[in-house]
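J.: Next comes the sequence, and after it the predicted model I'd like to discuss.
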Amino acid sequence: MQNDKRMKEITCIGVLTSGGDAPGMNACIRAVTRAAISKGWKVKGIYRGYAGLIENEIVDLTTESVSNTIQRGGTILKSARSKEFTTPEGRAKAYENIKAQGIDALVVIGGNGSLAGALTFAKEYDVTCIGLPGTIDNDLYGTDYTIGYDTALNTIVECVDKIRDTATSHNRIFFVEVMGRDAGFLAQNSAIACGAEAAIIPEDHSNIDQLEQFIGHGIRKSKNSSIVLVSESPKVGNGGAQYYADRVVKEYPGYEVRVSILGHLQRGGSPSAYDRILASRLGVASIVALDEGQRNVMVGIQNDKIVYVPFSRAIKMDKPIDKELINVLGVLSI
Ligand code: F6P
């Protein structure tokens, strides 16, 4: 369906944010809104993602509606994970509202689940959808970065720097659990940025026990405190950071261990300059894409250039972590 000539001239678009919120979503809504208005199109803001589309929680957006939002975290349109949209009945209601509101195309800002929803919707109904990668997880294939990832990474670094102070004072090992769902980008890169001793991530398929490796290398001899970043993914040992802390207590008595789960603070805060710029570029590019007749693609960034990635690739393909990053941490944590 990608690259089809659009059948109908676009005069009105809908924009929504869906799934976990991410810093920079507001900058993106602002860019989509203003770029569309500058083409002479109408813009409808849909509240609470697909849930609001089903419930017809839709308002007109003007250039003023998005004033003073670029620096704000969260999403002014609010977000939700809609169970109802996963059902044919839910999507039918959503389609009725799209027709009633005169929306010709939908811009969906969200992560994997949100783009998967857009793909299903676009297959069932003749709705033009454009996806924009908005998630702190950075787990969408086909884009080097997702909106919110850079801010979350910086938030983690700020927190871990503080944890390092207390870890050093007490000679403790800290297992710090970070978000990312099944992707280790946040864990791996924050570990490098914080000078951590190790990162335990789901992408490491070496079959080597990552804890043994860390104990064997990192903390041995000279080091009396350590920071280990642990991805929240159940694939790294069900129970995340706590699982590894419990194992150390049992298998390597003598070390003093603490766990810190950073949780949702990673999702909040004012977006970094990088995320604001990325969100602005992708937002404008989504309108260019629609104007070119693109449909069912995610707009992403590769080597600092805008790219279009078919939904099916963005959501189904695994985005690998560069082995070089794993090597850098290994070399520097001796
Ligand atoms: O996808 C973003 C994310 O923050 C993940 O990193 C995390 O696993 C999940 O959302 C948490 O979701 P919720 O806010 O619904 O608990």
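T.: Everything's here; your move. Residues are numbered from 1 along each chain as shown.
J.: Arg72: neighbouring residues, count only.
T.: A total of 17 residues lie near Arg72 under the criterion other C-beta atoms under 10 Å. Any C-beta I mention is one placed from the backbone N, CA and C, and that applies to glycine too.
J.: check contacts around it.
T.: Taking C-beta atoms under 8 Å, 6 or more residues apart in numbering as the contact definition, Arg72 lies against 26, 270.
J.: By average pLDDT, which secondary structure element in this protein comes out worst?
T.: Here the helix or strand of the chain ranked lowest by mean pLDDT, DSSP states H and E is helix 210-217, holding a mean of 76.
J.: Give the buried residues for it.
T.: 210-211, 214-215 (16 or more other C-beta atoms under 10 Å).
J.: Counting by contacts, list what it packs against.
T.: On a contact count with 3 or more C-beta pairs under 8 Å, 6 or more residues apart in numbering; DSSP states H and E, helix 210-217 meets strand 198-200, helix 240-251.
J.: after it comes which helix or strand?
T.: Past helix 210-217, further along toward the C-terminus, the next helix or strand under DSSP states H and E is strand 226-231.
J.: how about the nearest residue to whichever residue of the stretch 51-200 of the chain sits closest to the ligand, chain neighbours excluded?
T.: Scanning the stretch 51-200 of the chain for proximity to the ligand using C-beta to the nearest ligand atom identifies Met179 as nearest, at 3.2 Å. For Met179, ignoring the flanking residues on the chain, the nearest one in space by C-beta to C-beta, 6 or more residues apart in numbering is Gln266 at 5.1 Å.
J.: ok, that neighbour to the ligand distance?
T.: 7 Å (C-beta to the nearest ligand atom, to the nearest Å).
J.: Centre-most residue in this structure?
T.: Thr135 (1.7 Å; C-alpha atoms, centre = their mean).
J.: pLDDT value on that residue, please?
T.: As predicted, Thr135 sits at a pLDDT of 98.
J.: got the residues of this structure near the ligand?
T.: For the chain, the residues in contact with the ligand (C-beta under 6 Å from any ligand atom) are 20, 111, 135-137, 179-181, 232, 267.
J.: cutoff 5 Å now
T.: Within the chain, the residues that sit near the ligand (C-beta under 5 Å from any ligand atom) are 20, 135, 137, 179, 181.
J.: Mind checking which of those residues are in strands?
T.: For these, not one is inside strands, with DSSP state E as the criterion.
J.: biggest separation within those residues, which pair?
T.: With C-beta to C-beta as the measure, no two of these lie farther apart than Thr135 and Met179, at 9.8 Å.
J.: check contacts around the nearest residue to Glu9 once chain neighbours are set aside.
T.: Beyond its immediate neighbours in the sequence, the residue positioned closest to Glu9 (C-beta to C-beta, 6+ apart) is Asp104, lying 7.7 Å away. Contacts for Asp104 (C-beta under 8 Å, 6+ apart) come out as 8-13, 128.
J.: and with 10 Å instead?
T.: 6-14, 41-42, 98, 127-128, 290 (C-beta atoms under 10 Å, 6 or more residues apart in numbering).
J.: Return the members of these classed as buried.
T.: When those are checked against 16+ other C-beta under 10 Å, the ones flagged as buried are 10, 12-14, 41-42, 98, 127-128, 290.
J.: Point out where the stretch 151-300 of the chain drops to low pLDDT.
T.: Low-confidence regions of the stretch 151-300 of the chain, defined by pLDDT under 70, span residues 207, 217-223.
J.: All the helices of it, in order from the start?
T.: When assigned using DSSP state H, counting those that start in this stretch, the helices of the stretch 151-300 of the chain occupy the ranges 185-194, 210-217, 240-251, 273-291.
J.: any chance of the ones you listed in a markdown table, plus distance to Gly74?
T.: Formatted as a markdown table, the entries for the helices of the stretch 151-300 of the chain read as follows, by distance: least, C-beta to C-beta, whole Å:
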| stretch | distance to Gly74 |
| --- | --- |
| helix 185-194 | 18 |
| helix 210-217 | 34 |
| helix 240-251 | 25 |
| helix 273-291 | 13 |
